[in-house]
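1. sequence? don't have it. structure:
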């Protein structure tokens, strides 16, 4: 009976909405980081992953939802890339948070550093880049990332470490 | 220094170690660079998605979609597969499966069939019957067997050489090589061989071999002699007598080619090979000797 209730929970509009609110943005960003795609197609794939989640809400436990979304989204992306024969050689596009657009000097210095970091991040290996940006941009803890991507926390920590080491080399002469 | 297992930079990013602890591990220049990267990244982001618009898009895509059904359904599928298998196994067991009874050298067996008919199977013989025997009384025989058949529906013994059809009787069937011999002890049997069929009454025997048939009558015992441990023959070609001897004692017998069709009348015991050899050889004035496991007959 307890199981029945939980199933009903994931299938209820309110619970589905809250799963969407907590996960949609980070899932979409994850796809952008991983495949360096444009935000538009990342949003389309993320939407489709939520559609699959809704279709399967009857056979999934709520705690499985997050990992299901990531696995499904990766599968859908790979299908799409294979199907369209698209080479994803997009560059990631970052923007500066409005709170930091204060002084013109800061803007000058920051934009120079931003360009260098952007380039360096684009060149990171996919696994390091994804984990690094999920942590830095979306404030996800190592434990959360490990759970979503089915990795050990130790692996996430290693990727973070190696990513920052690489970035350090590129921005040496700042 | 940059060992694969180092994670001090990720520890620092997660505030697991302090700035001071990091400074102790890296140069001042490095620390300054890390600090700059950390701050710069804090001021950067990917454009946020429009949550309302995206949720509406999902709802649009959900129109007409249904939930995946719970796994209970597939359990039913397994249950029906299991049920089908059971039915097939049942059909196989009751309608198709055959029982084979095989006797070895010197052994005989008594089998009671589903209709209470009794079959005594002589040495080196095979009897097959289906699980449906009670409904269709048909069985297959190779070798020799004595039947005591309960009254009822037609009872058929099929051999590679011909068949025997009865209604309830006692009879002996011998089907070895090209020798087919039926002897009736009680009731009536109808023996078919190729295109001929002969009705055999109690005390009568019929024999087919070499394209000829013969039948004779004698005052008989109630059962064939082999059941009580003796093989009896009446004008049987020597090669069948020797074959029967080999089946009973599991030994190879060599004999001169020209004696194979000599008719033998007599009997030999199943209990003592030397006595049996004497019974066979004396009437024909043959000699025998043993060479290893082989018995050699000579004149």
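-> Everything's here; your move. The structure displayed is predicted, hence computed values, not measured ones.

2. contacting residues around residue B:162?
-> Residue B:162 makes contacts with B:175, B:180, B:191, B:192, B:193, B:194, B:208, as judged by CB atoms under 8 Å, 6 or more residues apart in numbering or on different chains. C-beta coordinates here come from the backbone N, C-alpha and C atoms, glycine included.

3. quick one: it and chain A, what's the gap?
-> Computed with CB to the nearest CB, to the nearest Å, the distance linking residue B:162 and chain A is 66 Å.

4. Please report the distance of that residue from residue B:130.
-> Residue B:162 is 20 Å from residue B:130, where distance means CB to CB, to the nearest Å.

5. Least confident secondary structure element in the chain?
-> Here I'm looking at chain A. helix A:2-11 (a mean of 57; mean pLDDT, DSSP states H and E).

6. was after chain B, sorry
-> Least confident helix or strand of chain B, by mean pLDDT, DSSP H and E, is strand B:212-217 with a mean of 76.

7. List the strands paired with it, with their directions.
-> strand B:204-209 (antiparallel) (DSSP bridges).

8. pLDDT of the partner strand, averaged?
-> The average pLDDT for strand B:204-209 rounds to 83.

9. Centre of the chain to that strand, how far?
-> The chain centroid and the centroid of strand B:204-209 are separated by 33 Å, computed with CA atoms, centre = their mean, to the nearest Å.

10. Same question for stretch A:20-32.
-> Between the centre of stretch A:20-32 and the centre of its chain there are 6 Å (CA atoms, centre = their mean).

11. likewise stretch B:248-260?
-> Relative to the centre of its chain, stretch B:248-260 is centred 33 Å away, using CA atoms, centre = their mean.

12. Just give the nearest non-adjacent residue to the residue of chain A found nearest chain B, would you?
-> Of all residues in chain A, residue A:160 sits closest to chain B, with a separation of 3.4 Å (CB to the nearest CB). For residue A:160, ignoring the flanking residues on the chain, the nearest one in space by CB to CB, 6 or more residues apart in numbering or on different chains is residue B:10 at 3.4 Å.

13. where does the chain have low pLDDT?
-> I went with chain A, as the question did not name one. A:1-8, A:82-93, A:96-110, A:172-174 (pLDDT under 70).

14. my bad, chain B
-> For chain B, applying pLDDT under 70 flags the ranges B:1-4, B:66-74, B:94-96, B:167-168, B:219-221.

15. Domain boundaries for it, per the record?
-> According to automatic domain parsing, chain B comprises the domains B:1-40, B:98-213, B:229-299.

16. now those domains in JSON lines, with distance to residue A:49?
-> As requested, the domains of chain B are arranged in JSON lines below (distance: least, CB to CB, whole Å):
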{"stretch": "domain B:1-40", "distance to residue A:49": "28"}
{"stretch": "domain B:98-213", "distance to residue A:49": "57"}
{"stretch": "domain B:229-299", "distance to residue A:49": "77"}
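
17. just these: most buried one?
-> Among these, judged by mean count of other CB atoms under 10 Å in any protein chain shown, the one packed with the most neighbours on average is domain B:98-213 (a mean of 18).

18. what distance separates it from the centre of its chain?
-> Between the mean C-alpha point of domain B:98-213 and the mean C-alpha point of its chain there is a distance of 22 Å (CA atoms, centre = their mean).

19. need the contact list for the residue nearest to residue A:160.
-> When contacts are counted by CB under 8 Å, 6+ apart, residue B:10 touches A:142, A:156, A:157, A:158, A:159, A:160, A:161, A:164.

20. who touches residue B:209 in this structure?
-> The neighbourhood of residue B:209, defined by CB under 8 Å, 6+ apart, consists of B:178, B:179, B:180, B:181, B:237.

21. For those, which two are the farthest from each other?
-> Comparing every pair within the contacts of residue B:209 by CB to CB identifies B:180 and B:237 as the most remote, at 13.0 Å.

22. quick one: the residue positioned nearest the centre of chain A and residue A:131, what's the gap?
-> Centroid-nearest residue in chain A, with CA atoms, centre = their mean: residue A:30, separated by 1.5 Å. In this structure, residue A:30 and residue A:131 are separated by 10 Å, where distance is defined by CB to CB.
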